[in-house]
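In: Build the 3D model from these lines:
(2 chains)
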There are 2 protein chains.
Amino acid sequence: MRILITSGGTSEKIDDVRAITNHSSGKLGKAIAESFAKEDATIDLITTQLAVKPEGNIHYHYIESTADLEKTLKALMTANSYDAVIHSMAVSDFTPESSVTLEDLETAVATQPADLPQTLAEIANQRTEKKISSDTDHLVIVLKKNPKIISLIKKLQPQTILVGFKLLVDVPMIELLNVAKASLEKNQADFILANDLAEIDGEKHHGYLINRQHKVKEAQTKTEIAELIKKEVMKLEETR
Amino acid sequence: MRILITSGGTSEKIDDVRAITNHSSGKLGKAIAESFAKEDATIDLITTQLAVKPEGNIHYHYIESTADLEKTLKALMTANSYDAVIHSMAVSDFTPESSVTLEDLETAVATQPADLPQTLAEIANQRTEKKISSDTDHLVIVLKKNPKIISLIKKLQPQTILVGFKLLVDVPMIELLNVAKASLEKNQADFILANDLAEIDGEKHHGYLINRQHKVKEAQTKTEIAELIKKEVMKLEETR
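Out: Below is the predicted model of the structure:
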């Protein structure tokens, strides 16, 4: 059994010293990797230097940004065939495109450009410093949307079992499950693990695993989530 | 001898899952703390969970944001008298004030408000979700300036020896030294350690230590910088 796991959170550079980071300790990804390692699975793990590292025989692939993740994921999924891809990494939806002062923004807006983000990027490019100066009261960062990494997985390998993750913050349970269901359909995932930041505290970690038949199974800790994912992935693999 | 050291990089929340982080491993702060620990100094270290930790008898004080740093620094400097404060932490100059879509920004600009940041903050506050939705092509983050933490230190304890840090990226040496000199005057620092990210690579770390007489001493590694700072601080302390 060969498994690809992503874990931790991406980090998108603003300049040479600042970045926008997605908070993720990597603890859930670690539990999942260790759970599959016990079954003697061959595991490729795409993660970051900052994320916690699982025990066991793991092949590490380090990344920082969403662009790195895309490149590494494509390379691995082109070279190897995976029984399952478990995409637990917290991926930045946006990446910084330009950083300007409020004065720059107001000037740009006053000229009524057809494409404001493009105009701001040109202003930012004219700046020669590699670190943004702090000589302004307000800084404006314009971010552009990143490609959705999860949507690439079934395009690269339609036969792989895909487990996606959906993290929301303090929403009603029914909303969480509906958003997870929508993500399942949109990305052709076989499972989505839906969880709410308000219900995560250390090892305590409430999660719902939703399958293609929209059946929902619950788990209460990171270890339980990891075991549940492993059990369901292996069960589905046996039927194939 | 009682020393206060700050180390690592601050992190400013955008929402419950994203933050703007200042990249700093804390390795230089670690070397400085270990250098003073060898002299049996009592050391308070303000740092982050992610920064590397020095060996020895250190009192830890954990923070995340610049606002946390300000609070902790004021509390410590009110409770204790320090022979020296060595402020090596990479502090965010800005903190997120509001996050809006490009459409929100264009709408706000069209109404020509007197105070654009305020208008954008109101738009952002009307949003109920705690995590920013990714249903927009461009996201705009407006950041406001943080208070300058280094400027507080001599106000709180005029007698303490203050060592500040100035990190620039790939600038001519004379510009680096001039910026460091200006920071020394502005913040009434006794020393500024000036360094350039382009000249830092692992343990190799080129630094200039500038004193009130504008004399400059050089060091080539993190350990050399730490020893130089310790030696100069102790020498200045003896003359008092």
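In: which residues touch stretch A:10-19?
Out: If you take C-beta atoms under 8 Å, 6 or more residues apart in numbering or on different chains as the criterion, stretch A:10-19 is touched by A:20-22, A:48, A:63-66, A:68-69, A:89-92, A:94-96, A:99, A:130-132, A:141, A:143, B:20-23, B:90, B:92, B:167, B:169-170, B:197. C-beta here means a position set from N, CA and C on the backbone, and glycine is covered the same way.
In: is chain B contacted by the strand ranked longest in chain A?
Out: Counting residues, the longest strand found in chain A (DSSP state E) is strand A:191-201. Yes: using C-beta under 8 Å from any C-beta of the partner chain, we find that strand A:191-201 touches chain B at A:Leu197.
In: Determine the set of other helices and strands touching that strand.
Out: strand A:161-168, helix A:173-186, strand A:204-211, helix A:222-238 (3 or more C-beta pairs under 8 Å, 6 or more residues apart in numbering or on different chains; DSSP states H and E).
In: now with 10 Å?
Out: Counting contacts by 3 or more C-beta pairs under 10 Å, 6 or more residues apart in numbering or on different chains; DSSP states H and E, strand A:191-201 packs against helix A:27-37, strand A:84-87, strand A:161-168, helix A:173-186, strand A:204-211, strand A:216-221, helix A:222-238.
In: and of these, who's closest to chain B?
Out: Closest approach to chain B among the helices and strands packed on strand A:191-201 (C-beta to the nearest C-beta): strand A:161-168, 6.4 Å.
In: what about stretch A:207-215, distance to the chain center?
Out: Computed by C-alpha atoms, centre = their mean, to the nearest Å, the chain-centroid distance of stretch A:207-215 equals 19 Å.
In: For that stretch, the averaged confidence score.
Out: The average pLDDT within stretch A:207-215 is 97.
In: In it, which residues are buried?
Out: A:207-211 (16 or more other C-beta atoms under 10 Å in any protein chain shown).
In: Residues in contact with the helix or strand hosting A:Leu105: which ones?
Out: Applying DSSP states H and E as the criterion places A:Leu105 in helix A:102-110. Residues from elsewhere that reach helix A:102-110 (C-beta atoms under 10 Å, 6 or more residues apart in numbering or on different chains): A:98, A:100-101, A:116-120, A:122-124, A:126-127, A:136-140, A:142, B:105-106, B:108-110, B:112, B:116-117, B:120, B:140, B:142-144.
In: Check which element follows that helix along the chain.
Out: In N-to-C order, the element after helix A:102-110 by DSSP H and E is helix A:116-126.
In: okay, the angle between that next one and helix A:102-110?
Out: 130 degrees (axes from the mean of the first three to the mean of the last three C-alpha atoms, to 10 degrees).
In: which strands and helices sit next to helix A:116-126?
Out: Using 3+ C-beta pairs under 10 Å, 6+ apart, the elements in contact with helix A:116-126 are strand A:94-101, helix A:102-110, strand A:138-145, helix B:102-110, strand B:138-145.
In: Which among these is found nearest to B:Arg2?
Out: strand B:138-145 (31.5 Å; C-beta to C-beta).
In: Quickly find the element holding A:Ala19.
Out: For A:Ala19, the host element (DSSP H and E) is strand A:18-22.
In: show me what contacts A:Val52?
Out: A:7-8, A:24-31.
In: again, only this time at 7 Å
Out: By C-beta atoms under 7 Å, 6 or more residues apart in numbering or on different chains, the contact set of A:Val52 is A:25-27, A:30.
In: Those also near chain B: which ones?
Out: Among the contacts of A:Val52, proximity to chain B is found for none (C-beta under 7 Å from any C-beta of the partner chain).
In: Same list (those residues) but as a markdown table, adding distance to B:Arg2 and neighbour count.
Out: Putting the contacts of A:Val52 into a markdown table (distance: C-beta to C-beta, whole Å; neighbours: other C-beta atoms under 10 Å in any protein chain shown) gives the following:
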| residue | distance to B:Arg2 | neighbour count |
| --- | --- | --- |
| A:Ser25 | 34 | 18 |
| A:Gly26 | 37 | 23 |
| A:Lys27 | 37 | 20 |
| A:Lys30 | 40 | 25 |
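In: Pick the one among those closest to B:Glu238.
Out: Of all the contacts of A:Val52, B:Glu238 sits closest to A:Ser25, with 45.6 Å by C-beta to C-beta.
In: right, and the secondary structure at that closest one would be what?
Out: Put simply, A:Ser25 is coil when judged by DSSP: H, G, I helix; E, B strand; the rest coil.
In: State the distance from A:Leu193 to chain B.
Out: 16 Å (C-beta to the nearest C-beta, to the nearest Å).
In: isn't that residue right up against A:Leu209?
Out: Yes: shown here, A:Leu193 and A:Leu209 form a contact pair, counting by C-beta atoms under 7 Å, at 5.3 Å.
In: Now the common contact residues for those two.
Out: Overlap of the contact sets of A:Leu193 and A:Leu209 (by C-beta under 7 Å, 6+ apart) consists of A:Ile229.
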